[in-house]
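> Fold the following.
(one chain, ligands or ions: 4)
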Amino acid sequence: KSLAIVGCPFSGGQPRAGVDQGPIHLIHAGLPKQLEELGWKVHFDGHHQFEDVSAAIGPDSPIGKLKNPRRVSKVCEEVAKVVGEHAKNGQLPVTLGGDHSLAMGTISGTFEKYPDACVVWVDAHADINTTDTTDSGNIHGMPVSFLLGLGEKVEEFKWVKPVLKPSRLVYIGLRDVDAGEKRILKENNIKAFSMHEVDKYGIGKVVEMALDHVNPNRDRPIHLSFDVDALDPTVAPSTGTPVRGGLTFREGHYICEAIYETGCLVALDIMEVNPSLRDAESVRQTVAVGCSLARSALGETLL
Ligand SMILES: N/C(=N\O)NCCC[NH3+]
Ligand SMILES: [Mn+2]
Ligand SMILES: [Mn+2]
Ligand SMILES: [Mn+2]
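Ligands and ions are numbered 1, 2, ... in the order given. Next comes the predicted model:
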């Protein structure tokens with residue numbers, strides 16, 4: 001079994017500096033070796049190609065409210081190519097962010113090889129704003145709307161195909177969803193297990209229900225997109241948009257372990273680790289959690 005680490009040093013989807021340094025911190029914490037120790041053949045060809053792509057864009061004026069639109073679009077398009085290539089080569093893409101706008105690229109890439117895939121989106125946020133509903137214009141709050149083909153088309157993003165269907169998407173961990181996003185979730189009948197449901201049913205039942213919804217026979221490829229801000233800020237403090245009342249360390253890891261157990265995982269994103277936020281101990285803790293989530297999603301067990 002082989003995997004490819006795709007480091008994406010990218011922050012253009014949001015305003016806080018530092019999240020582009022997420023990949024190098026996860027790698028320097030030893031993630032590639034840790035995954036080899038789990039029995040994976042690890043392909044890692046650096047991640048410079050995205051920096052060149054981003055730099056080549058030059059000045060990038062807003063389009064409507066959208067910030068850094070050309071930079072985000074170009075980098076995500078390149079990520080889609082790289083992820084798609086690795087998936088086609090039989091290597092499970094493990095994308096390290098970088099902000100969550102990158103999921104436009106990773107999920108597009110996954111669906112090239114696995115058109116019948118489903119997406120488990122673990123996050124405090126729905127990231128489903130359209131150009132009409134976004135307040136900030138930060139594109140890391142919008143990737144899901146692009147992947148679903150919702151809202152007005154934006155010329156610069158015409159490469160993003162509506163590969164994702166609402167019935168193939170499920171959220172776990174939501175607790176900071178904008179009014180416009182709540183409307184979109186309802187209108188599209190998108191299944192979401194917020195922290196309320198986690199409290200009510202427990203994480204075991206929530207994961208079971210989430211998978212029953214998008215993958216009833218457990219025979220569909222799963223793309224797990226994990227925004228570390230799904231975890232409580234006491235667990236993953238160094239992230240750009242922390243929201244109190246999040247998943248415990250174990251709840252986060254249970255999701256990853258349970259998804260690995262299905263044998264259906266085909267792609268993994270570990271997003272929004274920002275090693276320039278908070279103190280050194282918080283950074284170390286957040287990076288360590290990012291690495292351990294990845295290990296759990298890729299076969300590490302407690303016994
Ligand atoms: N971390 C974020 N998304 O996952 N921030 C953007 C969403 C704010 N509505
Ligand atoms: Mn490669
Ligand atoms: Mn996110
Ligand atoms: Mn988030």
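> rest of the way, CA atoms for contacts and neighbours
Fine.
> And stretch 292-303, how far out from the chain middle?
17 Å (CA atoms, centre = their mean, to the nearest Å).
> I should have written stretch 191-205 there, sorry.
Taking mean C-alpha positions (CA atoms, centre = their mean), stretch 191-205 and its chain are 19 Å apart.
> For that stretch, buried residues please.
191-195, 197-198, 203 (16 or more other CA atoms under 10 Å).
> Just confirm yes or no for that stretch near ligand 1.
No. Figure legend: stretch 191-205 not in contact with ligand 1 (CA under 6 Å from any ligand atom); closest approach 13.5 Å.
> Could you double-check that Pro9 sits in contact with His25?
No. Using CA atoms under 8 Å, Pro9 is not in contact with His25; the gap is 10.4 Å.
> could the buried residues of stretch 191-205 be laid out in TSV, adding pLDDT?
TSV is the format used below for the buried residues of stretch 191-205 (pLDDT from 0 to 100):
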residue	pLDDT
Lys191	99
Ala192	99
Phe193	99
Ser194	99
Met195	99
Glu197	99
Val198	99
Ile203	99
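> Among the residues you listed, which are located in strands?
Counting by DSSP state E, the members of the buried residues of stretch 191-205 that fall within strands are 191-194.
> Could you give the bridge partners of Ile63?
Assessed by DSSP bridges, Ile63 has beta-bridge partners Leu66.
> Now do the same for it: its pLDDT.
Ile63 is assigned a pLDDT of 98 by the prediction.
> How many residues are close by it?
For Ile63, the neighbour count with other CA atoms under 10 Å is 15.
> Pro69 is in contact with that one, correct?
Yes. Applying CA under 8 Å as the test, Ile63 and Pro69 come out as touching, 6.6 Å apart.
> and for these two, which residues touch both?
Contact criterion CA atoms under 8 Å, 6 or more residues apart in numbering; residues shared by Ile63 and Pro69: none found.
> contact partners of the lowest-mean-pLDDT helix or strand in the chain?
The helix or strand of the chain with the lowest confidence, counting by mean pLDDT, DSSP states H and E, is helix 48-57 at a mean of 86. Applying CA under 8 Å, 6+ apart, the contact partners of helix 48-57 are 8-10, 70-72, 74-75, 78-79.
> on that earlier part again, any chance of a markdown table for the buried residues of stretch 191-205, columns distance to Gly141?
Listed next are those as a markdown table, based on distance: CA to CA, whole Å:
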| residue | distance to Gly141 |
| --- | --- |
| Lys191 | 18 |
| Ala192 | 16 |
| Phe193 | 18 |
| Ser194 | 17 |
| Met195 | 19 |
| Glu197 | 22 |
| Val198 | 22 |
| Ile203 | 25 |
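> which one of those residues sits closest to Pro32?
Of all the buried residues of stretch 191-205, Pro32 sits closest to Ile203, with 28.3 Å by CA to CA.
> if you average pLDDT over stretch 166-183, what comes out?
99.
> in it, what counts as buried?
166, 168-178, 181.
> what do you get for stretch 29-48?
29, 31-32, 34-35, 40-43, 47.
> check contacts around whatever residue of the stretch 151-300 of the chain ends up closest to ligand 4.
When distances are taken as CA to the ion, the stretch 151-300 of the chain reaches nearest to ligand 4 at Asp229, 5.0 Å away. Applying CA under 8 Å, 6+ apart to Asp229 gives the contacts 123-124, 236, 239-243, 246, 272.
> That one - that's part of a helix, no?
Yes. Counting by DSSP: H, G, I helix; E, B strand; the rest coil, Asp229 is found in a helix.
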